[in-house]
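> any chance you can model this:
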Amino acid sequence: MIAAILESGRPERLYTGLSLLVSAAADGRPARGLVSFGALGPLLDDELLAREVTGTFARSLVELRHTAHELEDCRLWACAAAVELTGAGAAAIEARLDGVMSTPRFLREVEGAQLVVV
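The predicted model follows:
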């Protein structure tokens, strides 16, 4: 299993983190991600992504997020503290992520996995 904590809201870093998880899951390797403070807003908001990046890269990033959500062996959760402190909407989380999870629980869930922070 590979696990990533997605912290950065920079589009290039989000792309890298999502690409890592999607590639692993597409190859049959379980992939898990925790979307933390910096990454939560951009991953939940299509308009924000469009403002931050343009053209093909923006579309690719949105498609990568969609693919991560659709792959059976790829799971992304919103960090519980980030949701609480940012007021992220439940509907957006439900539409784009697999729910909400605390960091301690995430770390227990991915114990033994390769862990990266992006």
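
> list the buried ones in stretch 71-89?
Neighbour-count burial for stretch 71-89 flags Leu71, Cys74, Arg75, Leu76, Trp77, Ala78, Cys79, Ala80, Ala82, Val83, Ala88 (criterion: 16 or more other CB atoms under 10 Å). In this view, the C-beta of every residue, glycine as well, is placed from N, C-alpha and C.

> residues contacting that stretch, please?
Residues outside stretch 71-89 that contact it (CB atoms under 8 Å, 6 or more residues apart in numbering) are 6, 21-22, 24-26, 28-37, 40-41, 43-44, 67-69, 93, 96-103, 106.

> narrow those residues to those in helices?
21-22, 24-26, 37, 40-41, 43-44, 67-69, 93, 96, 103, 106 (DSSP state H).

> pLDDT of the helix or strand containing Leu64, averaged?
Taking DSSP states H and E as the criterion, Leu64 maps to helix 55-70. For helix 55-70, mean pLDDT rounds to 84.

> distance from the chain centre to it, please.
11 Å (CA atoms, centre = their mean, to the nearest Å).

> returning to what we had before: of the buried residues of stretch 71-89, which is the nearest to Leu14?
Comparing those against Leu14 with CB to CB places Leu76 closest, at 11.2 Å.

> give the contact list for the closest residue to the closest one other than its chain neighbours.
Excluding its sequence neighbours, the residue lying closest to Leu76 (CB to CB, 6 or more residues apart in numbering) is Gly33, at 4.4 Å. Gly33 is in contact with Ala3, Ala4, Ile5, Leu6, Gly17, Leu18, Leu21, Ala68, Cys74, Arg75, Leu76, Trp77, counting by CB under 8 Å, 6+ apart.
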